[in-house]
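**Student:** Fold the following.
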Amino acid sequence: MKVVVLGAGLLGVTSAYYLQQLGHDVIVLYRQAAPAAETSFANGGQISVSHAEPWANPSAPFKVLQWLSREDAPLLFRLRADLRQWLWGLQFLRECTPARTRANIRQIVRLGIYSRDMLQALRRETGIEYDHRTQGILHFYTSTKEFDAAIKPAQLMRELGCERCVVTPDEAVRIEPALGHIRTRLAGATYTAEDESGDANKFAREVVRLCHGRGVQFLMSTP
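**Tutor:** Numbering: from 1, shown residues only. Alright, predicted model coming up:
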């Protein structure tokens, strides 16, 4: 089958790679002159199953109200006289119930573990290099309330196969000595040793190189 992939960011180039592996004839169209030039250009590059808690959770509505007047809010929400926005808002609120939050965490963890396993398999099979680091990911908290709120989701993630461990401030400093100067401000932390990070842009460009070697066509500067 001939398959056209629209976009040459992380999702586009990895889709092209695996579609070709399945025996398809693949063409990638991208409006930019080089791969990974938009969202994937400066992506944070975390491979973090431990970040599986969705934005829509029981504490989110109150936080969003607090953030409405902030331009630097983690979740920027501008109220408009737009029916579609209000309908989306109602759907968002529906997903903030404890039951829906648990169900969504379960799905995100499963997808995250699968994605991380596939990435590690790709690295073993191809030797791809993208400045990856495999020291794990540490989330630290300076608010006791925020730390306490993270304990239940971390427990659920462990039940689902993501070893997000709850650690003390002293253990957090042992894992990451750079936190030593704020030791007295730490309420606690969670740590997932299996999580990773890397250069998302470099990864995408390396996958393009692999795709070229397998006959995938790339049409750049093509809307």
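**Student:** Tally up the residues packed near R183, please.
**Tutor:** 11 (other C-beta atoms under 10 Å). C-beta here means a position set from N, CA and C on the backbone, and glycine is covered the same way.
**Student:** If I look at it, what pLDDT would I see?
**Tutor:** Looking at R183, its pLDDT is 94.
**Student:** is it true that it touches R174?
**Tutor:** No. In this structure, R183 is not within contact of R174 by C-beta atoms under 8 Å, at 10.7 Å.
**Student:** quick one, strands of this structure?
**Tutor:** If you assign secondary structure with DSSP state E, the strands in the chain sit at 2-6, 25-29, 46-47, 137-141, 165-167, 188-192, 196-197, 217-219.
**Student:** L119: which of these is closest?
**Tutor:** strand 46-47 (6.2 Å; C-beta to C-beta).
**Student:** Which strands border the closest one, and is each parallel or antiparallel?
**Tutor:** Under the criterion DSSP bridges, strand 46-47 sits next to strand 196-197 (antiparallel) in its sheet.
**Student:** Can you give the contact residues for the partner strand?
**Tutor:** By C-beta atoms under 8 Å, 6 or more residues apart in numbering, the residues outside strand 196-197 that reach it are G44, G45, Q46, I47, S48, R116, L119, H132, R133, T134, G136, I137.
**Student:** Run through the residues that contact the last one.
**Tutor:** For I137, the contact set (C-beta under 8 Å, 6+ apart) comprises Q46, S48, S50, H51, Y191, T192, D195, E196, S197.
**Student:** Now restrict the residues you listed to buried residues only.
**Tutor:** S48, S50, H51, Y191, T192, D195, E196, S197 (16 or more other C-beta atoms under 10 Å).
**Student:** In the residues you listed, which has the lowest confidence score?
**Tutor:** Scoring those by pLDDT puts H51 last, at 87.
**Student:** show me what contacts that one?
**Tutor:** Contacts of H51 (C-beta under 8 Å, 6+ apart): G112, I137.
**Student:** ok so, going back, out of the strands of the chain, which gets the lowest mean score?
**Tutor:** strand 46-47 (a mean of 90).
**Student:** what packs against the biggest helix by length in the chain?
**Tutor:** Assignment by DSSP state H gives helix 98-126 as the longest helix of the chain. Contacts defined by 3 or more C-beta pairs under 8 Å, 6 or more residues apart in numbering; DSSP states H and E place helix 98-126 against strand 46-47, helix 144-159.
**Student:** between these, which one is nearest to A36?
**Tutor:** Here strand 46-47 is closest among the helices and strands packed on helix 98-126 (C-beta to C-beta), at 16.1 Å.
**Student:** Counting neighbours, what do you get for the nearest residue to R94 once chain neighbours are set aside?
**Tutor:** Spatial nearest neighbour of R94, chain neighbours left out: R100 (6.7 Å); criterion: C-beta to C-beta, 6 or more residues apart in numbering. Residues lying near R100 (other C-beta under 10 Å) number 16.
**Student:** Likewise for H132?
**Tutor:** 17.
**Student:** Give me the pLDDT value at W67.
**Tutor:** 84.
**Student:** shift numbering so it begins at 19
**Tutor:** All right, first residue 19 from here; so that's W85.
**Student:** wouldn't it be in contact with F95 here?
**Tutor:** Yes. Here W85 reaches F95: they are 7.0 Å apart, a contact under C-beta under 8 Å.
**Student:** of these two, who's got more company?
**Tutor:** Using other C-beta under 10 Å as the criterion, W85 and F95 rank with W85 on top: 16 against 13.
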